[in-house]
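[1] Test case, fold it:
(one chain, ligands or ions: 1)
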Amino acid sequence: MKARLTVYADHIKNKISSNIFGHFMEHCIDVIYGSVYDPHHPLADEDGFRTDVLDALREVKTPMLRYPGGNFVSNYHWENGIGPAEDRPKMFDYAWNAEDDNRFGTVEFIKLCKKVGAQPYICVNMGSGTAEEAMNWVEFCNGTGDTKYVRLRKSLGYEEPFDVRYWGLGNELYGDWQYGSCSALDYAKKALDFAKAMKWRDPSIELVACGHDIGSEWNYTVAKVLKPLIDHVAIHHYSIGYGVFNEDNYEECMYIPEYISKLTKVAKADIIAGTGDALTDIKVAWDEWNTHAWDFDAKKNEAACTFRNAILTAGILHSFLRDSDTVEIASYSPFINVCGALAVHESGVVKRPQYHVFKMMAEAFGMCDCFVDSHTVCEEYELDEVIDFSNRLPEPKFALDAKSLRRKVKTPYIDCVAALNEECTKIVISILNKHPQEDCEIDTAVFGTDVNWDHVQCMTLYNDDLEALNTKEEPEKVSVSEHILSVSSGKVCVKKHSLSIITADLVQAAGSTEDK
Ligand code: AHR
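    Below is the predicted model of the structure:
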């Protein structure tokens, strides 16, 4: 297969936020206890964190961690997780039907974030919680002065505020699986009180309202009522399992990134309609996403951890980069265990294939500030796009008003994105070849700057077997190879179903014609 890639390095489209490579740590199952937090484990540090898990979170340059839920947060009272562990009450968590002794709480979460260099992002309880409780949480974390919750923090030995900048206004309150679920208007009115109280306590925080991935009426109402107070509207997506995509159909699944990009655009359109402001700064936050639903059946879980799934994960991260004028936050859900990128065993960790995608992308694009325009001409394939809203509430009214819609769409095999670092001294190009059988020779031209093509660094994630897994027995079966490419002729050859990230020096800095 042959393709043509043109990069317009002098056309900087927008800034990229590294928070799109963030992760979700729900306080449930083995996402925290018995994995990252395990005080009795031989590898635990002085604060009870497993050092091998911390290393893995650092290595993947975790920019942001969302906590504590998810469904869990809708019956979580943060004060139960404060103070000496032996004094903390054991509570029943009805989201996950489990007992929680609250050993891991806010202070432990902040410590975890500090240890791995991540921004904390806390979602508040809008199920059984109150606006006052949320405001007190903000005070405990960020407050200065001499008030009750500042004193409480200081009494625990934390003189300085934790500076938690990102706060979520509840989780999935549109769904009847959520404690406190309600109508869009009831949510928006309640969230207004929460937002006011929280911003009164700390006006510098950024607020993330609860949105709906396919609920335009919900998003419209939320944006309309909350527009002066929110910075992001969060939407969630798990394509295979909760969504409409068929695991066995490779080409259909490889379309998921484009589908997600459509959902981003529809959500942004809802926000524009709700605020009545075409230039609104309110962003879309994908603060829970995974290719697969959380499935606790080990056999099905394997499908979420194959090399094939890594290719799909890379495609979704490409879509966030492409939409990075609209998306500044994304949280892979969950990062640890279940269908996450890191499997934590008693004896060590296994980096699943998608772990390497995060490592490659966060490393390369984490240093990049400027997303630049590019265009790829390549072979496409046709498939049936099925959009089925029948299992979701509320039904969308503005974006698409059919219950189920089927139509033909065309999608490319080669997907490329490019960015420059802040100083405009390096260019990063990520090339995803989704073709299941064919390698590709890509004619590459970069306009607007001079690339030193003689010495180009390239990282590739490839395995001949799309179903390959990393396991305790074979932890390195799918791994990254690093090599130096000579692409002086402008030709880059990539393997079938592979991810390649090229980093090249620029001979002279690109001029910018920012269009923002
Ligand atoms: O399966 C994880 C759950 O999915 C999260 O707790 C919730 O937010 C979502 O519905």
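[2] how many neighbours does the nearest residue to Asp213 once chain neighbours are set aside have?
    In this structure, Asp213 finds its nearest non-sequential neighbour in Ile235, 4.2 Å apart by C-beta to C-beta, 6 or more residues apart in numbering. For glycine as for every other residue, the C-beta is placed from the backbone atoms N, C-alpha and C. Using other C-beta atoms under 10 Å, Ile235 is surrounded by 27 other residues.
[3] Hmm, Ile235 is touching Trp286, no?
    Yes: with contact defined as C-beta atoms under 8 Å, Ile235 and Trp286 form a contacting pair (6.3 Å).
[4] tell me the pLDDT at the residue lying closest to Gly143 once chain neighbours are set aside?
    Using C-beta to C-beta, 6+ apart and skipping residues adjacent in sequence, the residue nearest Gly143 is Val150, 4.1 Å away. On the pLDDT scale, Val150 is placed at 98.
[5] in whichever helix or strand Val150 is part of, what counts as buried?
    According to DSSP states H and E, Val150 maps onto helix 148-155. Neighbour-count burial for helix 148-155 flags Tyr149, Val150, Leu152, Arg153 (criterion: 16 or more other C-beta atoms under 10 Å).
[6] Show me what from the protein comes close to the ligand.
    Within the chain, the positions adjacent to the ligand are Glu26, Gly69, Gly70, Asn71, Asn171, Glu172, His236, Glu288, Trp294 by C-beta under 6 Å from any ligand atom.
[7] Which secondary structure state does the first one sit in?
    Think Glu26. Here Glu26 is recorded as coil under DSSP: H, G, I helix; E, B strand; the rest coil.
[8] likewise the last one?
    Of the three states, Trp294 takes coil according to three-state DSSP.
[9] The closest residue in space to His455 that isn't next to it in sequence bridge partners, please.
    Distance criterion C-beta to C-beta, 6+ apart; nearest residue to His455, sequence neighbours excluded, is Ile484 at 6.4 Å. According to DSSP bridges, the partner residues bridging Ile484 are Gln457.
[10] per-residue confidence at Ile484?
    74.
[11] my guess is it meets Trp453, correct?
    No: assessed by C-beta under 8 Å, Ile484 is found out of contact with Trp453, at 11.4 Å.
[12] So between these two, which is more surrounded?
    Neighbours were counted for Ile484 and for Trp453 using other C-beta under 10 Å; Trp453 has more, 20 against 9.
[13] neighbours around the closest residue to the ligand within the stretch 151-300 of the chain, how many?
    With C-beta to the nearest ligand atom, the shortest gap between the stretch 151-300 of the chain and the ligand falls at Trp294, namely 3.5 Å. Using other C-beta under 10 Å, Trp294 has 22 neighbouring residues.
[14] Kindly report the same for the one 4 residues further on.
    Using other C-beta under 10 Å, Ala298 has 7 other residues around it.
[15] The longest helix along the chain packs against which elements?
    Longest helix of the chain, by residue count under DSSP state H: helix 256-275. Helix 256-275 makes packing contacts with helix 216-226, strand 232-240, strand 283-292, helix 307-322 when contacts are defined by 3 or more C-beta pairs under 8 Å, 6 or more residues apart in numbering; DSSP states H and E.
[16] Pick the most buried one from the ones you listed.
    strand 283-292 (a mean of 26; mean count of other C-beta atoms under 10 Å).
[17] Relative to it, what are the paired strands and their orientations?
    Next to strand 283-292 in the sheet, as set by DSSP bridges, lie strand 232-240 (parallel), strand 327-332 (parallel).
[18] how far does that strand sit from the chain's center?
    Mean-position distance between strand 283-292 and its chain equals 5 Å (C-alpha atoms, centre = their mean, to the nearest Å).
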